[in-house]
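Peer 1: prediction below, plus the sequence it came from.
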2 protein chains.
Amino acid sequence: MINAMINTLSLQDTAELIREALSSRRFIVMICMCEAQYIGRARSFLEKGERLIVIKEDTSFLIHRPTELEPVNWQPPPNHISISLGENCVILTVRRVRKPERVVVKIYSFKGFFSDKLSDNGSFHMHLSEKEISEILRKHPELIEDGFRIVSTEFREKAGIIDVLGVDAKGRRTIVEIKKDKAGKDAVKQVLRYVREAGTGVRAILLSPNITPEAEKMLRKNGLEFKKISMLELSRIITYEEHSESSMSRFLRGE
Amino acid sequence: MINAMINTLSLQDTAELIREALSSRRFIVMICMCEAQYIGRARSFLEKGERLIVIKEDTSFLIHRPTELEPVNWQPPPNHISISLGENCVILTVRRVRKPERVVVKIYSFKGFFSDKLSDNGSFHMHLSEKEISEILRKHPELIEDGFRIVSTEFREKAGIIDVLGVDAKGRRTIVEIKKDKAGKDAVKQVLRYVREAGTGVRAILLSPNITPEAEKMLRKNGLEFKKISMLELSRIITYEEHSESSMSRFLRGE
DNA sequence: CGTGCCAGGTGCCCT
DNA sequence: AGGGCACTTGGCACG
């Protein structure tokens, strides 16, 4: 599993170790001196240095430098990964299956090596994504406006996909666009596209926790409306409706 | 550095080990049973399971599951990271400095632990980015068209930033937009914005290795032009002009 | 800080 | 495959 002595192995044995980990689809972590080349949509070359290399159980591939959030090289799965021997190094070739892209890595020495099957059955829940917000609004249309009635969500129009389509208390057709972050000019443009296609007599509301000044100006100029929604309030609704004892609420209580 | 025996340590000692690695700004890799919660622009909760946790020297933070390219949780640097003790677990709290976001991780046991300073001075070179293409064109305007003369690149207009502004052989003002991948409708829209702002009598050329049928239709309808450029050809020009013996060319020759 | 735009963006869903 | 769009998008440059 963990092999701190990997540098005492011959290149052949090291290659065999990696090959075996790959064939049994284990999760592989290597901290090593390496150099890497990418050829695909663009080209890149990374000179020698110490990095973290990760090969996941589904062949996802990542090279991380000692700083910066983003990987310096990567390959989305599925990949075909092969091992060979070079001059004083093990050569890792990672080819994407669905696209003509490859990363070739030369590994010269190791500072750390790990390979094992990881058991991860825990589920992941994301809250307050735009999709979830629109689901909440579907259940609670009064949060948009009193007397609001939702006709459809994710409605496919030529101009794009309208988040929420409904009728207000006075019977006017209304388009609602949700933005979970601060709405910018692009959000307003998006709404404008829908309104122009929908024709006259259609209301449009941009629903978001905040809006930039420029975006609000553009919005007013075009007769659109803005309504602030509190994400905190929405999250309370979620919590309230989660009657079942979730592991999240246990976590929050510190159990 | 590598500690395969971390599970024999007490929680207090484990916490101290991590705390020390953090304070000396080492690169930390943990393969561990954990559960994680994110609160910020959205909220998420990740139930117990085995994952890879990475803390980089600049406090970049990542949690990776055994499959999928993208991390399940992350925090871009800079972060403030603190350690405390919970029930049967070590609690890691990662707070972003510039935004109100945090990830809280409860770690229950370890399968692997690594912490060390990594030495990575190798430089990284990316070729054929849009910027680099525009630089090549600046040196070789004949690749756009015979007799083409470039006036400016990255020109800031109200409608946006024009990649290349120039004059063709017949003296007409011409806008050139570069797309390094297949050009879609959005690329055409971008060019249209520039042309409409520039007024009449202005040519516009979309330069890209390929174009989608829909985008080409829209382009023709609006009197714009499309010119195919071969990325391979451009890459040959780069290679030719790199007279200095780069580590990339050595790599390519297999040395 | 907002605005624009690129990225080897990735991922998801739909036609 | 192509379109449309969200993403805790991240990242950069500029006013």
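Peer 2: That came through fine.
Peer 1: need the residues of the stretch 1-150 of chain A near DNA strand D, please.
Peer 2: A:68, A:69, A:70, A:98, A:126, A:129, A:130, A:131 (C-beta under 7 Å from any atom of the strand). C-beta here means a position set from N, CA and C on the backbone, and glycine is covered the same way.
Peer 1: looking at the residues you listed, state which has the most neighbours.
Peer 2: residue A:69 (18 neighbours; other C-beta atoms under 10 Å in any protein chain shown).
Peer 1: what does the stretch 151-255 of chain A put close to DNA strand C?
Peer 2: A:156, A:182, A:184, A:185, A:186, A:212, A:213, A:214, A:215.
Peer 1: now do 10 Å
Peer 2: A:154, A:156, A:161, A:182-189, A:210-218 (C-beta under 10 Å from any atom of the strand).
Peer 1: just the residues of the stretch 1-150 of chain A next to DNA strand D that are near chain B?
Peer 2: When contact is defined as C-beta under 8 Å from any C-beta of the partner chain, those meet chain B at A:68, A:69, A:126, A:129.
Peer 1: surely residue A:77 meets residue A:55?
Peer 2: No. Contact status for residue A:77 versus residue A:55: not in contact, 10.1 Å apart, counting by C-beta atoms under 8 Å.
Peer 1: now for those two: what residues contact both?
Peer 2: residue A:61 (C-beta atoms under 8 Å, 6 or more residues apart in numbering or on different chains).
Peer 1: returning to what we had before: what about the residues of the stretch 151-255 of chain A next to DNA strand C, which are in strands?
Peer 2: In this view, these that belong to strands under DSSP state E are A:154, A:156, A:161.
Peer 1: would you map out the domains in chain A?
Peer 2: Domain assignment for chain A by automatic domain parsing gives A:6-116, A:130-243.
Peer 1: between the two ends of the shortest one, how far is it?
Peer 2: The one in question is domain A:6-116. End-to-end distance of domain A:6-116 (C-alpha to C-alpha, to the nearest Å): 15 Å.
Peer 1: residue A:138 and residue A:151 touch, don't they?
Peer 2: No. Contact criterion C-beta under 8 Å: residue A:138 and residue A:151 do not qualify, at 10.7 Å.
Peer 1: how far off centre is the longest strand along chain A?
Peer 2: Taking DSSP E as the criterion, chain A has its longest strand at strand A:102-116. Centre-to-centre, strand A:102-116 and its host chain are 26 Å apart (C-alpha atoms, centre = their mean, to the nearest Å).
Peer 1: in that strand, which residues are buried?
Peer 2: By 16 or more other C-beta atoms under 10 Å in any protein chain shown, the buried positions in strand A:102-116 come out as A:102-108, A:110-116.
Peer 1: before we move on, what about stretch A:157-176?
Peer 2: So stretch A:157-176, judged by 16+ other C-beta under 10 Å, has buried residues A:162, A:163, A:164, A:165, A:166, A:167, A:168, A:174, A:175, A:176.
Peer 1: quick one: average confidence on it?
Peer 2: Stretch A:157-176 comes out with an average pLDDT of 84.
Peer 1: ok, stretch A:190-201 next?
Peer 2: 80.
Peer 1: what about it, near DNA strand D?
Peer 2: Yes. Under the criterion of C-beta under 10 Å from any atom of the strand, stretch A:190-201 makes contact with DNA strand D via A:190, A:191, A:193, A:194.
Peer 1: tell me the helix or strand right after the host helix or strand of the third one.
Peer 2: In this assignment (DSSP states H and E), residue A:193 forms part of helix A:185-198. Towards the C-terminus, the helix or strand next in line after helix A:185-198, according to DSSP H and E, is strand A:203-208.
Peer 1: and that next one, how far from the chain's centre?
Peer 2: 26 Å.
Peer 1: which residues does that strand contact?
Peer 2: Contacts for strand A:203-208 (C-beta under 8 Å, 6+ apart): A:137, A:144-145, A:168, A:172-183, A:187-188, A:191, A:194-195, A:219, A:224-229.
Peer 1: now, those that are in helices?
Peer 2: Among the contacts of strand A:203-208, the ones falling in helices (DSSP state H) are A:137, A:187, A:188, A:191, A:194, A:195, A:219.
Peer 1: please work out how many residues are found near the third one.
Peer 2: Burial of residue A:188 is recorded as 27 neighbouring residues (other C-beta under 10 Å).
Peer 1: so what's it up against?
Peer 2: Applying C-beta under 8 Å, 6+ apart, the residues contacting residue A:188 are A:206, A:215, A:218, A:219, A:222, A:224.
Peer 1: all strands of chain A, in order?
Peer 2: Going by DSSP E, chain A shows strands at A:27-39, A:43-55, A:61-64, A:73-75, A:79-86, A:89-96, A:102-116, A:124-127, A:149-157, A:160-167, A:173-178, A:203-208, A:225-228.
Peer 1: all set, thanks.
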